[in-house]
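Engineer: Quick one, fold the following:
(2 chains)
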Amino acid sequence: MAALSACLPALAETADELFDDRILHDVRLYIHPSDWRALKLNFTENTYYPADFSWRGSTVESVGIRSRGLGSRTDVKPGLRVDFNRYTKDQEFLGLNALVLDNVYQDPSFLREYLSMRVFRRLGLPAPREAFARLYVNDQYAGLYVLVEEINKDFLKRNFGQNDGHLYEYKWLTEYRFERLGDGPDSYLDKFKPVTHERDPDLGPLVELIRLANQASDQEFAARIPEFLDPKLFATHLAVENFLAEWDGIVGYAGMNNFYLYRLEESNRFQFIPWDKDVTLSKPEHPIHYNLDQNVLVRRVLALPEVLPAYLNALEAAAGGCDTDDWLAGQLERAYALFREAALADPFKPRDNAGFEGSVQAARDFVRDRGGFVRWQLEALRATP
Amino acid sequence: MPSRVGLVVVLLGLAAGSAEAAGWSLKFDRRPRLRYGKLFQADFRVKMQADFMTVTEDPEADRDLFDFRRRRIGVEGEFLRHFDYELEYDFAEDDHPLRDAFVNFRRFRRFQVQGGKFKIPFGRDQLTRPTALDFVFRSYLGRQVAPAREVGLMLHGPVVRGALRYQFGAFRHDGENSYAAGNIPGGGTTWAARLRAEPADLLSLPKLLRNMEIAAAATWGNLPEGRSSLRGRTAFGETFFPRAFVRGKRLRWGTDLNWSPGPFSLQAEYMRSRDQRLGQSLRQRDLPDLVARGWYLSGTWVVTGEKKAGGVTPRKAFPWEGGVGAFELGVRHEFLRFGATGATGVVSTSPRATNPLPTSDRNCTFGVNWYLNRYARIQGNLIREMVESQYLDPGSPRQKFWTRVLRLQFVM
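Structural biologist: Numbering: from 1, shown residues only, chains lettered A, B, ... in the order given. As a prediction, the model looks like this:
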């Protein structure tokens, strides 16, 4: 760290400032041109390349960057993971070990990911901080990106006040909805990739949670589920996803996707953490009960007497952000004003300028209509005996 | 695979099919020998080595490995009075199965010309045949710094009554040891020179100093842009200094000593290589040269008394002559370090680091060789390695570990 400080003489910024979403940031990467070409050429691989990272005149030398993403992977505008200590032991930047430069390539409006995480946080759920940034590679404009806080120990410490629990990243491999795959942890290891405690992933409590969801009687499930989940918190997470019309989340169209799971220290209790919300905000008439009956765990949790009302209340609260005080519309317009020029100048964005403006308008339409639609469905549901 | 089968067919066909023709003779003297008068001779060779290896205190816990290390078949001999040749193929080798394939023109003894694929004349340990090594593994220098085989043309011969021997050649690339993953050559055209002297003959020194050789060698060549610097690997094959990006020139130089009085032997070697990194920084500026340097010192003692020079041959072979064969003890200490010249600033493992993390491996090998007879040998080695890097915590299992290896060898 002493050496790092030497190259960051005026380091006064904090990670909060890096993720200050009121500012359009400028991030610069310096990478050997042949490495940048190789990264684009091999964009499907996770190979790291050395680079210097610069923000507000502070430079971190010898970071590692690699292509990232699943559906958003592209050689045109690579999504990037910046690993500050890939090559230099214990190197950090503003207390961060790593950072994501999200190309949001599946979101031509640039708004979905950012606004979605804002809604999660507004409803009291831990979600990564995000901010918009112009990325320059070797001083050439490489496009508008979203700076995304990585879900790692830094994130856990900030959100849970602890970080020595077990963090798993859910990896979509096949359609899976918490069905029981076997008695041993090995059956689940490829789906729940350990991010912490990689050598001792200890999936036992997760296996037991899945067993409960699949095999326990209603009585046993109700009695034991609080050991593994806060049912109301889980319902709130589901409600936010469905409010956002997320069709690729926990109750996604092809099984579960896009979340992390954190098991608190010395506890069996899990918490879901949202990730990669770039296909949200697309369909105002997305049903509020979308796929809820498909997922084993979701079905059983929502069947608990006190949980369904919590789910509906959370939906109402999310909808309230749409039209009660125009909070979500305000967030959208503020962000749009912030990055519009940068987006228009982005030569690598997935659509042309007209397509970009059209996508922003579609997001506006969603925000305008979604609250009313959700409220209408809620009323209809509550009116049902 | 068809090419491998074809090669075997050609070699065996030469041995068997032609033997009955007029003027041909096939004899067995230690190995099959086919002759056609004085115009052609072919000696057929088989070399097989199998290793059983265990690494303890390894970062990934104990690991065992069985490796059919070498399965070589070859032929060597002479033709048309003035030509030698050698051809060897290794069925256990994926990247470079064709080992030696060269012809040597020796009409003028002092100015012989050798062409084809053979070892670049650099590094005593690397130039020693694998079946004649005192230890299971070559030294770090032999495996990682010396260039090994390459296609080229070499002028060589003895001078000063045979007390001096020179080799000077040009080669297509920098040798197989520097090839990167995917069989990509690690360097461009490479020149090499080696001068070996026998001081006892050269300076009329006492008899005791017979069988002493000293040598000095150098290679120099182009390094095209790429991640093709030399790299450091432990005995087990784990990388402790990864390849870095280089461009410019590669220069190696080294010196070695070999002395084999009676049943004893003493060997030492020092080597240094320097890779330029022109325009390889993130902002395309020049980086300090990468340097690898190392040495080893080894000694052996044939406890059953056979002479070491020229290879140990048991007085009484096991089992057919009723003897126990020959036993030899050996120890080798070696050191190899990678870093950059005059680099300052933050150390880093980045392949474009201004100041690459200096890393070294220090190794002590204890060996026992049991020469059962002229064909078979069993080697047992115990290797203590210490990787030294400021990124490794003292006492870390990645820092110090033992490797045990047992090799069975058959050569005909």
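
Engineer: going forward, measure contacts between C-alpha atoms and count neighbours the same way
Structural biologist: Will do.

Engineer: give me phi/psi at the residue most central in space within chain B?
Structural biologist: The centre of chain B sits closest to residue B:126, judged by C-alpha atoms, centre = their mean, with a distance of 2.4 Å. Note on residue B:126: its backbone torsions stand at phi -70, psi -30 [degrees, to the nearest 10].

Engineer: Disregarding flanking residues, what is the spatial nearest neighbour of it?
Structural biologist: residue B:142 (4.4 Å; C-alpha to C-alpha, 6 or more residues apart in numbering or on different chains).

Engineer: Surely that neighbour touches residue B:129?
Structural biologist: No - at 11.3 Å, residue B:142 does not count as touching residue B:129 under the criterion of C-alpha atoms under 8 Å.

Engineer: quick one, which of the two is more surrounded?
Structural biologist: Of the pair residue B:142 and residue B:129, residue B:142 is the one with more neighbours under other C-alpha atoms under 10 Å in any protein chain shown, namely 21 against 8.

Engineer: Let me know the secondary structure of that one.
Structural biologist: Under DSSP: H, G, I helix; E, B strand; the rest coil, the three-state class of residue B:142 is helix.

Engineer: Could you check how far the residue nearest to residue B:126 is from chain A?
Structural biologist: 29 Å (C-alpha to the nearest C-alpha, to the nearest Å).

Engineer: Then residue B:247?
Structural biologist: In terms of C-alpha to the nearest C-alpha, residue B:247 sits 13 Å off from chain A.

Engineer: Over in the stretch 151-300 of chain A, which residue gets nearest chain B? Let me know.
Structural biologist: residue A:199 (10.1 Å; C-alpha to the nearest C-alpha).

Engineer: count of residues packed around that residue?
Structural biologist: Neighbours of residue A:199 using other C-alpha under 10 Å come to 8.

Engineer: Identify the residues contacting it.
Structural biologist: Not one residue lies near residue A:199 by C-alpha atoms under 8 Å, 6 or more residues apart in numbering or on different chains.

Engineer: what ranges do the strands span in the stretch 51-200 of chain B?
Structural biologist: Per DSSP state E, counting those that start in this stretch, the stretch 51-200 of chain B carries strands over the ranges B:63-79, B:83-90, B:98-105, B:112-119, B:149-159, B:164-171, B:190-197.

Engineer: Equivalent analysis for the stretch 251-385 of chain A, please.
Structural biologist: Under DSSP E, counting those that start in this stretch, the stretch 251-385 of chain A gives strands at A:259-263, A:270-274.

Engineer: The stretch 51-200 of chain A too?
Structural biologist: A:58-68, A:79-83, A:98-102, A:130-137, A:140-149, A:166-170, A:192-194.

Engineer: Now for the residue in the stretch 251-385 of chain A that chain B sits nearest to: which residues touch it?
Structural biologist: The nearest approach of the stretch 251-385 of chain A to chain B comes at residue A:348, 23.1 Å away (C-alpha to the nearest C-alpha). By C-alpha under 8 Å, 6+ apart, residue A:348 lies in contact with A:76, A:77, A:142, A:143.

Engineer: Likewise for residue B:138?
Structural biologist: B:125, B:126, B:130.

Engineer: Which SSE is immediately downstream of the worst-scoring helix or strand of chain B on mean pLDDT?
Structural biologist: Lowest by mean pLDDT, DSSP states H and E among the helices and strands of chain B is helix B:2-16, with a mean of 49. Proceeding N to C from helix B:2-16, the next assigned helix or strand is strand B:24-29, under DSSP states H and E.

Engineer: quick one: buried residues of whatever helix or strand comes next after that following strand?
Structural biologist: Following strand B:24-29 in sequence order, the next helix or strand is strand B:31-36 (DSSP H and E). Neighbour-count burial for strand B:31-36, with 16 or more other C-alpha atoms under 10 Å in any protein chain shown as criterion, is recorded at B:33, B:34, B:35, B:36.

Engineer: Report whether the expected contact of the third one with residue B:25 is present.
Structural biologist: Right, the one you point to is residue B:35. Yes - the criterion here is C-alpha under 8 Å, and residue B:35 meets it with residue B:25 at 5.3 Å.

Engineer: what touches both of the two?
Structural biologist: With C-alpha under 8 Å, 6+ apart, residue B:35 and residue B:25 have no common neighbours.

Engineer: Just give me the residue closest to the centre of chain A.
Structural biologist: Judging by C-alpha atoms, centre = their mean, chain A has its centre closest to residue A:275, at 2.0 Å.

Engineer: Pretty sure residue A:256 is one of the things that one touches, is it not?
Structural biologist: No - using C-alpha under 8 Å, residue A:275 is not in contact with residue A:256; the gap is 11.9 Å.

Engineer: Under the pLDDT cut-off, which ranges of the chain? List them.
Structural biologist: Since no chain was named, I'll use chain A. For chain A, applying pLDDT under 70 flags the ranges A:1-12, A:322-325, A:385.

Engineer: To clarify, I was referring to chain B.
Structural biologist: In chain B, residues with pLDDT under 70: B:1-22, B:56-64, B:393-398.

Engineer: which bits of it sit near chain A?
Structural biologist: Contact residues (C-alpha under 8 Å from any C-alpha of the partner chain) of chain B with chain A: B:280-284, B:345-353, B:391.

Engineer: Just the buried ones among those, please.
Structural biologist: Buried, going by 16+ other C-alpha under 10 Å: B:280-282, B:284, B:346-353, B:391, out of the residues of chain B next to chain A.

Engineer: now, which of the residues you listed lie within strands?
Structural biologist: B:347, B:348 (DSSP state E).

Engineer: Setting the sequence-adjacent residues aside, check what's closest to residue 228.
Structural biologist: With no chain named, the answer covers chain A. Residue A:228's closest residue in space is residue A:269 (C-alpha to C-alpha, 6+ apart), at 3.9 Å.

Engineer: You answered for a different chain; I wanted chain B.
Structural biologist: In space, residue B:228 is closest to residue B:186, 5.1 Å off (C-alpha to C-alpha, 6+ apart).

Engineer: Spit out the contact partners of the one you found.
Structural biologist: B:173, B:174, B:175, B:178, B:179, B:180, B:223, B:224, B:228, B:229.

Engineer: tell me what the longest helix that chain A contains is packed against?
Structural biologist: Ordering each helix of chain A by length in residues (DSSP state H) puts helix A:353-383 first. Using 3 or more C-alpha pairs under 8 Å, 6 or more residues apart in numbering or on different chains; DSSP states H and E, the elements in contact with helix A:353-383 are helix A:307-323, helix A:327-345.

Engineer: got the buried residues for that helix?
Structural biologist: A:353, A:356-357, A:359-360, A:362-375, A:377-378.

Engineer: pull the CA atoms of the helix or strand residue B:370 falls within into CSV?
Structural biologist: Taking DSSP H and E as the definition, one finds residue B:370 inside strand B:359-371. Extracted C-alpha coordinates of strand B:359-371, given in CSV (Å, rounded to 0.1, in the frame of the first residue of the first chain):
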residue,chain,number,x,y,z
THR,B,359,11.6,-14.6,-7.9
SER,B,360,14.1,-17.4,-7.4
ASP,B,361,14.1,-21.1,-6.9
ARG,B,362,16.7,-22.8,-4.8
ASN,B,363,16.9,-26.5,-5.0
CYS,B,364,18.9,-29.3,-3.5
THR,B,365,18.7,-32.8,-5.1
PHE,B,366,19.9,-36.0,-3.4
GLY,B,367,20.2,-38.9,-5.8
VAL,B,368,20.9,-42.6,-5.9
ASN,B,369,21.6,-44.4,-9.2
TRP,B,370,21.5,-48.1,-9.5
TYR,B,371,23.1,-49.2,-12.8
